[in-house]
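Peer 1: Here is a sequence with its predicted model. Questions after.
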Protein chains: 2
Amino acid sequence: MRIAILLYPEFTTLDAVGPYEVLSRLPGAEVVFAAAERGPVRNDVHSLALTADAALDEVDSADLLLVPGGPGTEAQLKDRAVLDWVRRIDATTTWTTSVCSGSLILGAAGLLEGRRATSHWGVLDRLPGYGAEPTGTERVVIDGKYAIAAGVSAGIDLALTLAGRIAGDTVAQAIQLLIEYDPQPPYDSGALAKASPEVVEAVNRLMRG
Amino acid sequence: MRIAILLYPEFTTLDAVGPYEVLSRLPGAEVVFAAAERGPVRNDVHSLALTADAALDEVDSADLLLVPGGPGTEAQLKDRAVLDWVRRIDATTTWTTSVCSGSLILGAAGLLEGRRATSHWGVLDRLPGYGAEPTGTERVVIDGKYAIAAGVSAGIDLALTLAGRIAGDTVAQAIQLLIEYDPQPPYDSGALAKASPEVVEAVNRLMRG
């Protein structure tokens, strides 16, 4: 199974790496990270770069496409080369997937018209602008071949769900055990509905940097 | 707060990136990824490289040290330059941390003698060889300034726990909300005690590649 993961400046690292850690362990997986140009691509907080091993024009098909989100999403929404590539790869995929604000890129490419979708809670209200119907409470939304995760860490749950569909429950569970994904968060404020007003105020301060 | 993250060939990506995604969002965090040499460092499944922005000899102190695990751990256990660096940085830290088999590196550096610790379930039995006491059932073990996570994804829980200690509960909860860490795994086989014999057999096949 050929998996293509889009990188662009100011992507959020875990959006890409969370699902990657799961999907790259599927038997027969061949993963390529692709960006406008080959080489290091800096993330949203600038202290880490991931290497794109391929330029976009070197990848012309994939069984699974993964589009991560991040503050850099905004610039991709107006980048015709990126949107054209996303459409071109989507025409070849069995699964087209996104994490976090990556769904806005799928939307801007015209792929979510009339579909149920989700995104990071901070940008959910922008999905209808692309003809998509936001489902605010689901962490993973699958509509046809489009598999869309909510913010950042939701990509891990998305990938395990897909691993089950692609390789069966036993393999998916084996990958879960391999990465010891038995989450025990020390707090319970990972969704907007669960967070106190004080925490929401603090997250707004964090997002303003 | 200065955070140093060790990279080495064949590390497991999420071991480093999970905690990074949390810790890099602490107010005032300055993160550096460091490896034997500057430049891209390939991970365990070879389809992704993270950039080390510093060589080990360019980093001589940190408030927090993070040592990830992975199949490449084995070679580090015999690498005097790496173990010397870990000891040197540890002498300057407020927190010394590891994820997955990264705890074996801390052990080989002599830092876990007489301490409670954990690791990936597959190598837990090697901790006593370094004078450490493995706690098989805890996902995050804190003994003094040593904060040790179980396998791979456990680093996210470790980092949120530390975020609370470092910046207070509200900031930690805000980071949890920012990365939408409200896990909903589609299976419940993320710990050895929860996995069926069939899944354990499948994970052994996956680990053999």
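Peer 2: Received the coordinates, thanks.

Peer 1: Send over stretch A:80-96 as PDB, restricted to the C-alpha atoms.
Peer 2: Provided in PDB are the C-alpha atoms of stretch A:80-96 (Å, rounded to 0.1, in the frame of the first residue of the first chain):
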ATOM      1  CA  ARG A  80      -3.000  26.100  -6.900                       C
ATOM      2  CA  ALA A  81      -0.100  23.700  -7.300                       C
ATOM      3  CA  VAL A  82      -0.900  22.100  -3.900                       C
ATOM      4  CA  LEU A  83      -4.700  21.900  -4.500                       C
ATOM      5  CA  ASP A  84      -4.100  20.500  -8.000                       C
ATOM      6  CA  TRP A  85      -1.800  17.900  -6.600                       C
ATOM      7  CA  VAL A  86      -4.300  16.900  -3.900                       C
ATOM      8  CA  ARG A  87      -7.000  16.500  -6.500                       C
ATOM      9  CA  ARG A  88      -4.700  14.500  -8.800                       C
ATOM     10  CA  ILE A  89      -3.700  12.100  -6.000                       C
ATOM     11  CA  ASP A  90      -7.300  11.900  -4.700                       C
ATOM     12  CA  ALA A  91      -8.300  10.600  -8.100                       C
ATOM     13  CA  THR A  92      -6.100   7.600  -7.500                       C
ATOM     14  CA  THR A  93      -6.700   6.800  -3.900                       C
ATOM     15  CA  THR A  94      -8.700   4.200  -2.000                       C
ATOM     16  CA  TRP A  95      -8.600   6.500   1.100                       C
ATOM     17  CA  THR A  96      -8.200  10.300   1.200                       C
END
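
Peer 1: May I see the buried residues of that stretch?
Peer 2: By neighbour count on 16 or more other C-beta atoms under 10 Å in any protein chain shown, the buried set for stretch A:80-96 is A:82-83, A:85-86, A:88-90, A:93, A:95-96. The C-beta positions use only the backbone N, C-alpha and C, and glycine is treated the same way.

Peer 1: neighbouring contacts of that stretch?
Peer 2: Here stretch A:80-96 makes contact (C-beta atoms under 8 Å, 6 or more residues apart in numbering or on different chains) with A:4, A:6, A:8, A:36, A:56-57, A:59-65, A:67, A:76-77, A:105-106, A:108-111, A:145-147, A:162, A:166.

Peer 1: any idea how far that stretch is from the chain center?
Peer 2: 14 Å (C-alpha atoms, centre = their mean, to the nearest Å).

Peer 1: What mean pLDDT does it get?
Peer 2: The average pLDDT for stretch A:80-96 rounds to 98.

Peer 1: now swap in stretch A:106-121 and tell me
Peer 2: 98.

Peer 1: thinking again about what came up before, in helices, which of the buried residues of stretch A:80-96 fall?
Peer 2: Counting by DSSP state H, the buried residues of stretch A:80-96 place A:82-83, A:85-86, A:88-90 in helices.

Peer 1: Distance to B:R115 added to these, as a markdown table?
Peer 2: Formatted as a markdown table, those follow (distance: C-beta to C-beta, whole Å):
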| residue | distance to B:R115 |
| --- | --- |
| A:V82 | 49 |
| A:L83 | 52 |
| A:W85 | 50 |
| A:V86 | 49 |
| A:R88 | 54 |
| A:I89 | 49 |
| A:D90 | 51 |
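
Peer 1: picking that back up, can you tell me which of the buried residues of stretch A:80-96 lies nearest to chain B?
Peer 2: When those are ranked by distance to chain B (C-beta to the nearest C-beta), A:W95 comes first, at 15.2 Å.

Peer 1: Alright, I will stop here.
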